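Participant: no letters, just coordinates:
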């Protein structure tokens with residue numbers, strides 16, 4: 001008896017979002033109200049699911065962690081090379097907040113025991129490692145963004161790598177700085193004025209500065225990364241807002257976890273701290289990709305394509 005192999009269904013692809021930059025600025029807020037925020041959230045989730053967004057988010061999470069570590073090495077090398085003792089003290093305070101328990105002890109030892117003879121090499125190697133890993137991460141983000149918008153990548157290899165490197169040197173640095181301000185900023189504020197963190201202006205100032213850095217970084221990502229001509233800023237604002245809010249919430253949770261884990265003891269606290277950092281990195285990837293999907297869906301609605309066909313419906 002003749003049998004036939006069962007064919008596996010193909011991975012669904014999203015419909016291409018038409019470019020609408022020639023339609024005039026229009027009113028993004030009115031389109032958002034007409035489409036319905038709740039439905040756009042659902043359709044954006046469908047669009048992200050259709051392109052296997054969680055896989056890209058995991059790749060971005062891995063790149064985030066492997067970018068943070070060499071960035072820290074570069075900072076330690078910089079402080080040691082130029083003998084910035086006050087900044088070293090701030091880093092020691094921040095290290096215990098950013099990585100509680102034994103992990104924080106490892107970072108503190110790395111800062112205090114850094115040798116001037118190898119500091120310059122650590123600085124150069126750290127910057128090179130940060131840029132390399134950040135560039136790889138931006139390449140992952142580029143592929144994800146193009147799939148979300150349903151467009152092909154037609155930029156040349158040299159141009160793609162140049163864009164990814166430029167983003168790694170700017171956007172990645174902004175996100176790392178924002179993370180440091182929000183999560184470890186309290187210790188930095190305390191060390192900067194010798195008082196309790198609550199007594200100065202820094203604990204309040206670090207929030208708008210940190211969120212501002214994230215907002216600028218997200219705006220650059222939304223404008224530059226997809227291989228298409230993006231609409232006006234107002235049409236991307238909804239997506240960037242979603243990404244910024246999601247990132248800030250994830251970072252706040254990370255900060256709260258780090259404030260509480262010290263009470264769990266050395267082993268449990270440090271393990272939970274590492275786990276929280278990994279979850280935060282995954283959440284960061286999801287935040288960026290979901291914001292892109294939301295912006296893509298809003299523009300698709302503008303072009304009357306909607307995503308009743310997020311997965312080809």
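Facilitator: Good, I have the coordinates. Keep in mind that what you see is a predicted model, and the values were worked out from it rather than measured.

Participant: residue 91 and residue 180, how far apart?
Facilitator: Distance of residue 91 to residue 180, computed by CB to CB, to the nearest Å: 10 Å. Where you see a C-beta, it was placed from the backbone N, CA and C, and this is true even at glycine.

Participant: of these two, who's got more company?
Facilitator: residue 91 (25 against 21; other CB atoms under 10 Å).

Participant: element containing residue 56?
Facilitator: Per DSSP states H and E, residue 56 falls inside helix 53-81.

Participant: now do residue 120
Facilitator: Per DSSP H and E, residue 120 falls inside helix 116-149.

Participant: what's the mean pLDDT across the helix or strand that that helix is followed by?
Facilitator: Next in sequence after helix 116-149, counting helices and strands by DSSP H and E, comes helix 157-193. Mean pLDDT, helix 157-193: 81.

Participant: ok now the helix or strand just after helix 157-193, how far from the chain's centre?
Facilitator: The helix or strand immediately downstream of helix 157-193 is helix 202-224, counting by DSSP H and E. In terms of CA atoms, centre = their mean, to the nearest Å, the gap separating the centre of helix 202-224 from the centre of its chain is 11 Å.

Participant: what angle do helix 202-224 and helix 157-193 make?
Facilitator: Inter-element angle recorded for helix 202-224 and helix 157-193: 170 degrees (by axes from the mean of the first three to the mean of the last three CA atoms, to 10 degrees).

Participant: helices and strands around helix 202-224, which ones?
Facilitator: helix 157-193, helix 233-260, helix 266-302 (3 or more CB pairs under 8 Å, 6 or more residues apart in numbering; DSSP states H and E).

Participant: of these, which is nearest residue 27?
Facilitator: helix 233-260 (8.0 Å; CB to CB).

Participant: and the angle for the closest one with helix 157-193?
Facilitator: Using the same axes, to 10 degrees: helix 233-260 against helix 157-193 is 50 degrees.

Participant: could you list every helix and strand in contact with helix 233-260?
Facilitator: By 3+ CB pairs under 8 Å, 6+ apart, helix 233-260 packs against helix 28-35, helix 85-98, helix 157-193, helix 202-224, helix 266-302.

Participant: nearest to residue 67, out of those?
Facilitator: Here helix 157-193 is closest among the helices and strands packed on helix 233-260 (CB to CB), at 5.9 Å.

Participant: you'd agree residue 278 is up against residue 62?
Facilitator: No: assessed by CB atoms under 8 Å, residue 278 is found out of contact with residue 62, at 9.4 Å.

Participant: compare these two and say which is more crowded by neighbours.
Facilitator: With neighbours defined as other CB under 10 Å, residue 278 and residue 62 compare such that residue 62 has more, 18 against 14.

Participant: contacting residues for that one?
Facilitator: Residue 62 is in contact with residue 281, counting by CB atoms under 8 Å, 6 or more residues apart in numbering.

Participant: next one, pLDDT for it please.
Facilitator: On pLDDT, residue 62 comes in at 94.

Participant: for it, give its distance to residue 133.
Facilitator: To residue 133, residue 62 is 9 Å away according to CB to CB.

Participant: same check on residue 117?
Facilitator: Here the criterion is CB to CB. By it, residue 117 lies 26 Å from residue 133.

Participant: likewise residue 19?
Facilitator: For residue 19 relative to residue 133 (CB to CB), the value is 32 Å.

Participant: in terms of neighbours, single out the busier of those two.
Facilitator: Just comparing residue 19 and residue 133: by other CB under 10 Å the higher neighbour count belongs to residue 133, 22 against 15.

Participant: isn't that one up against residue 74?
Facilitator: No: applying CB under 8 Å as the test, residue 133 and residue 74 come out as separate, 11.8 Å apart.

Participant: common neighbours of these two, please.
Facilitator: Counting by CB under 8 Å, 6+ apart, nothing touches both residue 133 and residue 74.

Participant: list the contacts of the residue nearest the centre of the chain.
Facilitator: When CA atoms, centre = their mean is applied to the chain, the residue found nearest the centroid is residue 284 (4.4 Å). If you count contacts by CB under 8 Å, 6+ apart, residue 284 has them with 60-61, 64, 175, 247, 250.

Participant: out of those residues, who's the most crowded?
Facilitator: Using other CB under 10 Å as the neighbour test, the contacts of residue 284 are led by residue 247, with 26 neighbours.

Participant: just give the number of residues close to the spatially closest residue to that one that is not a sequence neighbour.
Facilitator: Spatial nearest neighbour of residue 247, excluding adjacent residues (CB to CB, 6 or more residues apart in numbering): residue 287 at 4.5 Å. Neighbour count of residue 287, defined by other CB under 10 Å: 24.

Participant: same check on the one 3 residues further on?
Facilitator: For residue 290, the tally of surrounding residues (other CB under 10 Å) stands at 22.
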